[in-house]
Every structure is written in C-alpha cells, then in structure tokens.
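A.B. asks: Next come a sequence and a model predicted from it.
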Amino acid sequence: MRDFFYGYPRPDGQVGIRNHVLMLSGTLYANPTCERVAHMVQNTIPIVHPLGRCQIAPDLAQTFRTLVGHGNNPNAGAVIVVDHFKEQGCTADDIAHEVAKSGKPVEVVNIRREGGAIEALAVATRLAVEMNRKINMQQRERTGLNKLIYGFNCGTSDVTSGLAHNRCVGWVCDRVIEAGGRALGAEVTEMMGGEELIRARAKTPEVAAKLLGMIERMEKSILACGVDLRGSQPTGDNIAGGLSTIEEKSLGAMQKWGSKPIVGAVDYAFPIGEESGLWLMDTPGHGGESITGIAASGSQVMSFSTGGGHTINHPLMITMRLTGNRESWELMKDTMEVDVSDMFEGASLDEAGERLFNEVLDLCDGKMSKAEALREFNAFAINRCGPSV
C-alpha cells in the first residue's frame, strides 16, 4: 500500500498538495477586493468572512488565529493579506507578520493606504500575477505520509454513517497514522454520549481530561442559552435518516476515529503537535466552522462523510465527500467522490477503505476534486466565542 504522495515542500517543513496564491481578507470590508482579484487571476483563491471588526478581545484573537492559520496552511504557496484600514489586534500587517514566519512570500494591501478600492484592486492584481508566476516554477516532490495531516468530518448523518462511510474514514486514519502521519477530527457535540470511549482511547489521563472538559464546556454554554442540546440533537435531517438519540449519533460519528490512540487535543484553530497519531479539536458540530478550524491547523486534505449527501467544500483545504447511502450517491454524485454503499452488499471494510484511501492520495497528487472543478467554495466560517460590540 502506498505510503507517499507528491507535494510542494514549504520552507517551514510543511508540504502542500496545492500551490495557490491566497487572497486573505483581514476584515469584511476587504472581501470584494479579494474576490475580484481571485476572479481575474488564475490559481488565486479568496478567503472572505464577515468578521475582523467590533469583536471583544478573545473573539478577535480567535479570528486572528484562524486567519493566520490559513495563511500558514501549506496549500497556500503565497499570500496577499488585504484590509481596509486597521483593526487593533487583527490588521493585515499583524496577520502578514505571523504568516511570514513560515518563509512563504507574503504581501499586504491596505485599501486606504493605496488610495481607495480601485487603486487597491490594481495593486493586489499585479501582486497576484507576479506571485503566481513565481510559485508556478515549483515542482511536486515525492513526500512521505508523515507530512500529511488528514482531516475528517461528517454531516447529514443517517443510519448508514456509523455502519459504512464513517468506518472507511477510520480505516484511512489508521493507515495514515501507521505511515507516520497525523489524523485530525473535531465536532465536540458529536462526542457527547461517548465519554467512556474517550477515556479508553486517550493516550494519557491529561488528554482524556481535556476532551471531557471540552464536552462539559460545550454543554454548559448551550444550557446557558436556555436550550438543552439533547433536545436539538440529533438534527431534523438526522432523525429523517433514522437516528434516534445523540448517543447513537455520537457513537456512529466516532467510527471516523479508527482504532489508534488519541494522542492530543487542541482548542479551536490551534496547530496540532508533531506527534503521529489521532488528534481532536474543540469545534462545534457546524460543518463550516468545524472544517475551518481543521484547515487553520494545517490540514491539506479532508474526507467529509455524509449520509444524506453534501456539497461542502473548503476554499483551501481540499475537501472530498463520500457516502454509504446508495440513494444519496445517485442524487448527489456530481459533488461526491466515493461511493461505499456496496458495503451493504458484501464489500469488506478493507475493500471500501482502500478505495477511499486511493482517492485521498490521488487528490494529494493533484487530482481535482469535483467541488474544486465547480469552484464550489462554500465552507469558510470562523467560530465565534463572543458577541459583536
């Protein structure tokens, strides 16, 4: 079984599977400039969002950390950070300063300093053209899976999830870890009910305590809003798919973890450690916010397993979808890559898991995902930890 891929080595030791120029918006008012440049210049990806202003300090720090993490993601070969004036604690200069530590080319465009939107657009466009011409000279190199951070997530779960496609993701996690790589999952709301499994799988009592603390904080924060999560989970589409309790949903979701020990847990959008193994991140179950946190940690590729079908796709972290629901595959095959529904007809976990594994490696080598081909960039959402002010 293959234990390598072909990627783009970065100065900081990471390896990208894409080589994009990233147009990174520091604040919502810079979004149009980032989008216009990306529309005009080939191989340029925009990351836009509604934040960067009027946030309390911890919330702004989380926005800053998430944006820096995307600038540092190895799928970005070069970065242009754009803002419209300055927001103390989250300026384009602040973001670029941190990203520049990775060694990749970074530039700043400030709309006010450039003399307005038209001039800023011209400056950013020229920079994007020149950066693309520069990084286009880079060649892919053979790289061991020890350089891969394999992200995974799920959505629109149904009764096929825990029995088929989530098990395949777990199978791939095990193979990546055995080759010295790291697997990174999230979704704290989908750990509730699986606390005993966490205690059994955590490498140390400290890792278990951190994860259980994440679950406790999540539930308390929801109860503080006057809502019992256990009354809103499973969601309506989960119930329609045959899931009856949050415990049933969680235990099915945990099939994505495979069989290896949990070696570490991190807060939202923080980088994970260098140790090979299974890592988990503190994120909500909301797909966009969850996968955004994973991308900020440096994950190059993600498998998104779905019972009901999905179009979710992160702009920078390559996102592929799989399902074990034959009806969903037939209805949504234009935005999904892998069908493992034959597991209900006799195909083994090894057969279906290897099918997914091969697709993941092909994507790492440069094969375009369906959502990439459609430019279906719909899943960048920064998790909030405070109110707007």
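C.D. replies: Structure received. Numbers count the residues shown, from 1 in each chain.
A.B. asks: got a list of what residue 85 touches?
C.D. replies: 110-112 (C-beta atoms under 8 Å, 6 or more residues apart in numbering). In short, each C-beta sits where N, CA and C put it, glycine included.
A.B. asks: and which of those is nearest to residue 181?
C.D. replies: Within the contacts of residue 85, the smallest distance to residue 181 is 38.7 Å, found for residue 110 (C-beta to C-beta).
A.B. asks: Quick check: the closest one vs residue 36, distance?
C.D. replies: Remark: distance between residue 110 and residue 36 (C-beta to C-beta, to the nearest Å) = 16 Å.
A.B. asks: can you check residue 42 too?
C.D. replies: Distance from residue 42 to residue 36, by C-beta to C-beta: 14 Å.
A.B. asks: likewise residue 57?
C.D. replies: 32 Å.
A.B. asks: returning to that earlier point: give me the buried entries from the contacts of residue 85.
C.D. replies: 110-111 (16 or more other C-beta atoms under 10 Å).
A.B. asks: Among the contacts of residue 85, which lie within strands?
C.D. replies: residue 110 (DSSP state E).
A.B. asks: Take the contacts of residue 85 and write them to CSV, including distance to residue 249 and pLDDT.
C.D. replies: Shown next, in CSV, are those (distance: C-beta to C-beta, whole Å; pLDDT from 0 to 100):
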residue, distance to residue 249, pLDDT
110, 46, 97
111, 45, 97
112, 48, 96
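A.B. asks: so how far is residue 122 from the residue located most distally from the centre of the chain?
C.D. replies: Largest separation from the mean C-alpha position in the chain: residue 115, at 35.2 Å (C-alpha atoms, centre = their mean). Note on residue 115: its distance to residue 122, by C-beta to C-beta, is 10 Å.
A.B. asks: Residue 3 too?
C.D. replies: Counting by C-beta to C-beta - residue 3 and residue 122 are separated by 46 Å.
A.B. asks: sorry, back to before: quick one, which of residue 57 and residue 36 is more surrounded?
C.D. replies: Each of residue 57 and residue 36 has its neighbours counted (other C-beta atoms under 10 Å); residue 36 has more, 17 against 10.
A.B. asks: Just give the nearest non-adjacent residue to the more buried one, would you?
C.D. replies: What sits nearest to residue 36 in space, not counting adjacent residues and going by C-beta to C-beta, 6 or more residues apart in numbering, is residue 121, at 5.7 Å.
A.B. asks: So what sits opposite the residue nearest to residue 105 when sequence neighbours are not counted in the bridge?
C.D. replies: Spatial nearest neighbour of residue 105, chain neighbours left out: residue 78 (4.2 Å); criterion: C-beta to C-beta, 6+ apart. Using DSSP bridges, the bridge partners assigned to residue 78 are residue 21.
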